[in-house]
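**Q** Sequence plus the predicted model coming up.
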Amino acid sequence: MAFRLTSPTIENGKPIPDRHARRGDNLSPQLDWSDPPEGTQSFLLIMEDPDAPSATFRHWAVYDIPATRQHLAPGRSSAAHTEDLPHGFNDFGNNRYDGPQPPEGDPPHTYRFRLAALGIPKLPVDERPYAGDIWDAARDHVLAETELTGTYRA
């Protein structure tokens, strides 16, 4: 089997439900993964919008996820319900999940949930890292990567 990322509420390539958007309930979705490669010591999850007007916009970063985990529960990374895992600062300036929020009038944006299996247990990042810095620190330690995409239109 191949390393795989799924969600019971987001079908790959299909619209993301409003409850996961910033204008909705802004709840982080449940994410499940399976079949990580041998040697995985931790995971890193990044949610990003590559269709943002200026550059890829990062909405969520969870890192140093133990290799024994195989899911993130719904709503646990939103506002006061932050999961007991390290979160990086997203491009809104928050260290939590912030859902899709494309500009009014834009065509649908694609949102990528990228999960990386890493060959180290903890990333060498600052105490309060930004999502982009976390991804940069992980690059040399990625054993495999999988992604789930969804779309959203304001």
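**A** Okay, I see it. Numbers count the residues shown, from 1 in each chain.
**Q** next structured bit after the strand or helix carrying Trp60?
**A** In this structure, Trp60 sits in strand 57-66 according to DSSP states H and E. Sequence-wise, the next helix or strand downstream of strand 57-66 (DSSP H and E) is strand 71-72.
**Q** if I pick Asn95, what's in contact with it?
**A** Residues counted as contacts of Asn95 (C-beta atoms under 8 Å, 6 or more residues apart in numbering) are 82, 87-89, 128. The C-beta positions use only the backbone N, C-alpha and C, and glycine is treated the same way.
**Q** and the gap between the residue lying farthest from the centre of the chain and Pro53?
**A** Among residues of the chain, the one most distant from the C-alpha centroid is Gly105; the distance is 24.8 Å, by C-alpha atoms, centre = their mean. As judged by C-beta to C-beta, to the nearest Å, Gly105 and Pro53 stand 11 Å apart.
**Q** between the contacts of Asn95, which has the most around it?
**A** Sorting the contacts of Asn95 by how many neighbours each has (other C-beta atoms under 10 Å) puts Gly88 first, at 26 neighbours.
**Q** Quick check: chain neighbours aside, which residue is closest to it?
**A** Ala61 (3.5 Å; C-beta to C-beta, 6 or more residues apart in numbering).
**Q** any idea how far the one you found is from Ala116?
**A** Going from Ala61 to Ala116 by C-beta to C-beta gives 11 Å.
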